[in-house]
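Visitor: I'd like to go over a predicted model; first the sequence, then the structure.
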Amino acid sequence: MELDYEKLGFKCGLECHQQLEGKKLFCSCPTLNSDGEPDIRVERKLRAVAGETGDVDIAAEFEMSKKRKFIYEADSADVCLVETDEEPPHEMNKTALETALKISLLLNARIVDEIQVMRKTVVDGSNVSGFQRTALVAMDGFIETPDGKVGIPTICLEEEAAQKIGEEIDFVRYRLDRLGIPLIEIATDTSIKSPEHAKEVAAHIGMILRSVENVKRGLGTIRQDVNISIEKGARTEIKGFQDLKSIPKVIEFEVKRQLEAIKQGKKLSKEVRKAEPDFTTSFLRPLPGAARLYPETDCMPVKIDKSYLEGLIKSLPKLLTQKVEEFEKKYELPKGTGKEIIGTDFEHLVEELKLEPLIVANAIINTPNEIKRKLQTKDFEEILSYYAHGKIAKEAIADLLEKKASGQKIDLEQFKPVSHEDLEKEIKKIIKEKPGLNASAYMGLLMAKYRGKVDGKIIMEILRKFANI
């Protein structure tokens, strides 16, 4: 069923959460997810408190009603008393704040004059204290997309939550190494027009985040929450997206779920739902509201000096899209290639081996990630140097990188380039011995013998010349 999102009164906004590098937001512990054996264990039961409005948040009440015990484990080398809520927070991490300010400026946002830290009630156990510290950094930003301008009403700097590692009916177990990592939260307005537009906006914000130093990279360091609603439906916040590609599919499912509920006369409530691996959604808890916020009295406000801000504006980095464009132009690479190799060992390999840039680019891009993870710079240098010195054909590079990654012994004789003259002789011989085969059959025989030694296009050209196919 094709959906007309405009007629449905579709409204959609994103919340993008990005971890930052360096130290934690309110202490000097490292920002890493440790795999060390835990030597700290803390048990807590959390209670919700009233926010500034005097009310207790509905989502906090829901979590508290479960009456669960929370068990926290940690490696003492990676956490301190701040994470266990036995010591007040230290001064806000200045490097993290500066990174958040740079990102805000790249998002065309207005930096607030004074940053006030607030407490956001969280009693699902993911924060030992029962609240998350969060600070509004900037407002009224925007990005331009092919489908129109999308507003960025708020940008916040906050603490990352603890990592859940297991749960039963009456308790949840968390790991504390992640708790307190600086997290920048970017919230869009509801001007996103369709599921595909939502993916496009998330990708654009991700590009801006990757343009700035001190931003974490890799799986689990960035996540998106999607808020959607339709006419006669209810606002729903969806968490847990695996990747950008899943965003349109999950949004489409949620819209259809609400349409079906409306058709059946059911009353929909505002709620938080989880994005499942099969692109469906499942209920998590009621949607939280303003009642969850109240001032953090242990953190001093941070004033943003005008001259400091002017200096930041002058030193803003180029956007990744601009860097990629310049990169491709410098090395005469096809459009779209640069974004896959910028930040890799590409430039070092080109300069060290004096190779054609596209050869090096293809070697990096065409190597699957599971193989690439097992290779070091010296491995790429070794295999590409064989090609640079004429010891192997270009077609052997991928096979040799795979062998290197798996620890196999490399026999260069197996990949020695074949001369055009020898190739012609072999092709004539096969045609004479097996006349009348089709092109695919001849190619199968020849590639079995010359895989990694010669380009298949060259074989096909010679076949056409002598076999009339």
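Guide: Perfect, I can see it now.
Visitor: which non-adjacent residue is nearest residue 288?
Guide: Excluding the flanking residues, the one nearest residue 288 by C-beta to C-beta, 6 or more residues apart in numbering is residue 59, at 3.8 Å. Placement of C-beta: from N, CA and C, glycine included.
Visitor: the one you found: which element?
Guide: For residue 59, the host element (DSSP states H and E) is helix 58-64.
Visitor: just residue 224 next, same as before
Guide: Element membership of residue 224, judged by DSSP H and E, is strand 222-229.
Visitor: strands paired with the helix or strand following that strand, and their directions?
Guide: Using DSSP H and E, the helix or strand that follows strand 222-229 towards the C-terminus is strand 236-239. The pairing partners recorded for strand 236-239 under DSSP bridges are strand 222-229 (antiparallel), strand 271-275 (parallel).
Visitor: tabulate those strands (TSV), appending mean neighbour count and mean pLDDT.
Guide: Listed next are the strands paired with strand 236-239 as TSV, based on neighbours: other C-beta atoms under 10 Å; pLDDT from 0 to 100:
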stretch	mean neighbour count	mean pLDDT
strand 222-229	22	94
strand 271-275	20	94
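Visitor: want to try JSON lines for these, with distance to residue 26 as columns?
Guide: Rendered in JSON lines, the data for the strands paired with strand 236-239 read as follows (distance: least, C-beta to C-beta, whole Å):
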{"stretch": "strand 222-229", "distance to residue 26": "21"}
{"stretch": "strand 271-275", "distance to residue 26": "26"}
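Visitor: for those strands, which one sits closest to residue 23?
Guide: strand 222-229 (19.2 Å; C-beta to C-beta).
Visitor: low pLDDT regions in the chain?
Guide: By pLDDT under 70, the low-scoring segments of the chain are 1, 60, 417, 450-453, 455-456, 468-469.
Visitor: in the stretch 151-300 of the chain, which spans are strands?
Guide: All strands of the stretch 151-300 of the chain, identified by DSSP state E, counting those that start in this stretch, fall at 163-167, 171-175, 182-187, 222-229, 236-239, 271-275, 281-286, 293-295.
Visitor: circling back: right, and the residue nearest to residue 288 touches residue 291 too?
Guide: No - contact criterion C-beta atoms under 8 Å: residue 59 and residue 291 do not qualify, at 9.2 Å.
Visitor: who's more crowded, these two?
Guide: residue 59 (24 against 20; other C-beta atoms under 10 Å).
Visitor: list the contacts of that one.
Guide: Going by C-beta atoms under 8 Å, 6 or more residues apart in numbering, residue 59 touches 272, 285, 286, 287, 288, 289, 292.
Visitor: of those residues, which is the nearest to residue 41?
Guide: Of all the contacts of residue 59, the one with the least separation from residue 41 (C-beta to C-beta) is residue 285, at 26.6 Å.
Visitor: return the residues in contact with the residue most central in space within the chain.
Guide: Of all residues in the chain, the one closest to the mean position by C-alpha atoms, centre = their mean is residue 222, 4.7 Å from it. Contact criterion C-beta under 8 Å, 6+ apart gives 16, 17, 18, 19, 206, 209, 216 as the residues in contact with residue 222.
Visitor: skip the chain neighbours and tell me the closest residue to the last one.
Guide: So that's residue 216. residue 19 (4.2 Å).
Visitor: list the contacts of that neighbour.
Guide: Residue 19 neighbours (C-beta under 8 Å, 6+ apart): 31, 160, 181, 182, 183, 215, 216, 221, 222.
Visitor: C-terminal to the helix holding residue 59, what's the next element?
Guide: strand 69-74.
Visitor: may I have the helix or strand just after that next one exported as CSV, CA atoms only?
Guide: Counting by DSSP H and E, the next helix or strand C-terminal to strand 69-74 is helix 94-106. This file holds the C-alpha atoms of helix 94-106, laid out as CSV (Å, rounded to 0.1, in the frame of the first residue of the first chain):
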residue,chain,number,x,y,z
LYS,A,94,35.9,21.9,28.4
THR,A,95,37.0,19.9,25.4
ALA,A,96,33.7,18.2,25.1
LEU,A,97,31.9,21.5,25.5
GLU,A,98,34.1,23.1,22.7
THR,A,99,33.3,20.2,20.4
ALA,A,100,29.6,20.6,21.1
LEU,A,101,29.9,24.3,20.3
LYS,A,102,31.7,23.7,17.0
ILE,A,103,29.0,21.2,15.9
SER,A,104,26.3,23.7,16.9
LEU,A,105,27.9,26.4,14.8
LEU,A,106,28.1,24.1,11.8
